[in-house]
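Asker: One predicted model, sequence on top.
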Amino acid sequence: MNVSETTPHEPRSVLVTGGNRGIGRAIAEAFLAQGDKVAVTTRSGGAPEGALDVRCDVTDAAAVEAAFAEVEAAHGPVEVLVANAGITADTLVLRMSEEQWSSVIDTNLTGSFRLAKRATKGMLRMRRGRIIFISSVVGLLGSAGQVNYAASKAGLVGMARSLARELGSRSITANVVSPGFVETDMTDVLTDEQRAAIKTQVPLGRYAAPEEVAAAVTWLAGPGGAYVTGAVIPVDGGLGMGH
């Protein structure tokens, strides 16, 4: 069967968490450009034009339930979930508080579990769906001062692969996109010296554009990615090679 990436598809109900800036916004805009019905969750608003702006704190199970109800009422059952919302609380392990650990795990890992669990209800009824977790090169490469963040992002890999096995018979895929250093607000705070040092570690010698991460996500969610599940797709310029 020859599936073309340009094959038009019916607009799908797509949910992107943390879609008001950076990578999440680029992902939401890429789905909008394809003609999909896109909902974006944020904690403070600011979804891209054309997207349904839904307020949601992924650490609150009731808020996740309410967000899905709002999206389903507007766009129908979520067919593509992109779990992107995440936070950092960087510090060396001896200084890391219980709260710094638990807040990052609860947002990045447990929040993604809440989203996937709720999305799966509708996907099982439809007998199709795409779940995509946004991880990080740090999840498998490790990073000093980011024990909590790296653990949360590594956990997404195990979760995706378990979901892939659990849900595959219903034509539901679960995958991970693992960005490296990306030109966003989060990297804008680095000094020129820090940015230069990071680039020396990246074989391609540059940062990614958010749109390059979005392209991997839309491919996984599209016809070309239909037979890909349980995979980790690095978009890191070669930084995490071999992991």
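Answerer: Looks like it arrived, so ask away.

Asker: Show me which helix runs longest in this structure.
Answerer: The single longest helix within the chain, with elements called by DSSP state H, is helix 147-167.

Asker: avg pLDDT for that one?
Answerer: Averaging pLDDT along helix 147-167 gives 98.

Asker: and it, how far out from the chain's middle?
Answerer: The chain centroid and the centroid of helix 147-167 are separated by 12 Å under C-alpha atoms, centre = their mean, to the nearest Å.

Asker: partners of whichever helix or strand comes after it in the sheet?
Answerer: Using DSSP states H and E, the next helix or strand after helix 147-167 towards the C-terminus is strand 172-179. Its sheet considered, strand 172-179 pairs with strand 129-134 (parallel), strand 232-235 (parallel) by DSSP bridges.

Asker: Pretty sure residue 11 sits against residue 37.
Answerer: Yes - using C-beta atoms under 8 Å, residue 11 makes contact with residue 37 at a distance of 5.1 Å. C-beta: built from backbone N, CA, C; applies to glycine.

Asker: Looking at these two, which has the bigger crowd around it?
Answerer: When residue 11 and residue 37 are compared for neighbours, residue 37 comes out ahead with 21 against 15, by other C-beta atoms under 10 Å.

Asker: what's the more buried one in contact with, if anything?
Answerer: Counting by C-beta atoms under 8 Å, 6 or more residues apart in numbering, residue 37 touches 11, 12, 13, 14, 52, 74, 75, 76.

Asker: can you rerun that using 6 Å?
Answerer: 11, 13, 75 (C-beta atoms under 6 Å, 6 or more residues apart in numbering).

Asker: residues near the residue lying closest to residue 184 once chain neighbours are set aside, how many?
Answerer: The shortest distance from residue 184 to any non-neighbouring residue, by C-beta to C-beta, 6 or more residues apart in numbering, is to residue 22 (3.8 Å). Here the count is done by other C-beta under 10 Å, and residue 22 has 19 residues near it.

Asker: do residue 115 as well
Answerer: When counting by other C-beta under 10 Å, one arrives at 26 neighbours for residue 115.

Asker: Surely it and residue 83 touch.
Answerer: Yes - the criterion here is C-beta atoms under 6 Å, and residue 115 meets it with residue 83 at 5.0 Å.

Asker: Next, the buried residues of the longest helix of the chain.
Answerer: Residues 147-157, 159-161, 163-164, 167 are the ones in helix 147-167 that count as buried (16 or more other C-beta atoms under 10 Å).

Asker: Kindly report the same for stretch 196-207.
Answerer: Within stretch 196-207, the residues scored as buried using 16+ other C-beta under 10 Å are 202, 207.

Asker: what does stretch 220-230 give?
Answerer: Using 16+ other C-beta under 10 Å as the test for burial, stretch 220-230 gives 220, 221, 222, 225, 229, 230.

Asker: Pick out the most distant pair among those residues.
Answerer: Maximum pairwise distance in the buried residues of stretch 220-230, criterion C-beta to C-beta, is 17.6 Å, between 222 and 230.

Asker: pLDDT below threshold where in this structure?
Answerer: The model of the chain has pLDDT under 70 over residues 1-8, 185-186, 242-243.
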